[in-house]
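> Give me a 3D structure for the following:
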Amino acid sequence: LSIQLTNVSWGGSSNALSARQKATPANCDGVTWTCDDTKIITSQSTPRQDGSTDIIPGSQMIYIWDSHSGKCLMGIMSSHSSLCSTLAPHPTLPSVVASAGSDGVVNVWD
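Have a look, this model is predicted:
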C-alpha cells in the first residue's frame, strides 16, 4: 500500500488553503497505526520554505487513512499551531489518538 500525501482542504471552504499551500508538497511529520490496524494516521504540514522547520500558519493537518484502500477518510485542519511530530494511538480504543506538537499542546482525538 502506498499513500500519496496531499494538501486537502477540509471543512467545506475552497479558500481554506492558500495557493502556496496547495502547490507545496506536504511534509509527513508523524505517522502511526490504530490499535486494530484498520487506519493510518498522519500528521502533515507545509514548510515556509524548503528545508525549514517553520510551517505556514494553519497548514498543520492530521489525516486519517483507510489502511486497506489508502483512501483518506477525514482530515482535522489546524490541529496544532506548529509542527506536530508525535502521534500516539490508544492501546485498546481504535478511535482515540493523541497528538503533541511543538506548540506545547497535547490533543486527544476521538
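> From the centre of the protein, point out the most distant residue.
What lies farthest from the middle of the chain is residue 92; by C-alpha atoms, centre = their mean that is 21.5 Å.
> Grab the nearest non-local neighbour of that residue.
Residue nearest to residue 92 in three dimensions, not counting chain neighbours: residue 35, with 6.1 Å by C-beta to C-beta, 6 or more residues apart in numbering. Placement of C-beta: from N, CA and C, glycine included.
> Just the pLDDT for the one you found.
Residue 35 is assigned 96 on the pLDDT scale.
> mind checking how far it is from residue 72?
Noted for residue 35: a distance of 20 Å to residue 72, by C-beta to C-beta, to the nearest Å.
> Contact partners for the residue lying closest to residue 108 once chain neighbours are set aside?
For residue 108, ignoring the flanking residues on the chain, the nearest one in space by C-beta to C-beta, 6+ apart is residue 98 at 5.0 Å. With contacts defined as C-beta atoms under 8 Å, 6 or more residues apart in numbering, residue 98 is in contact with 86-88, 90, 106-109.
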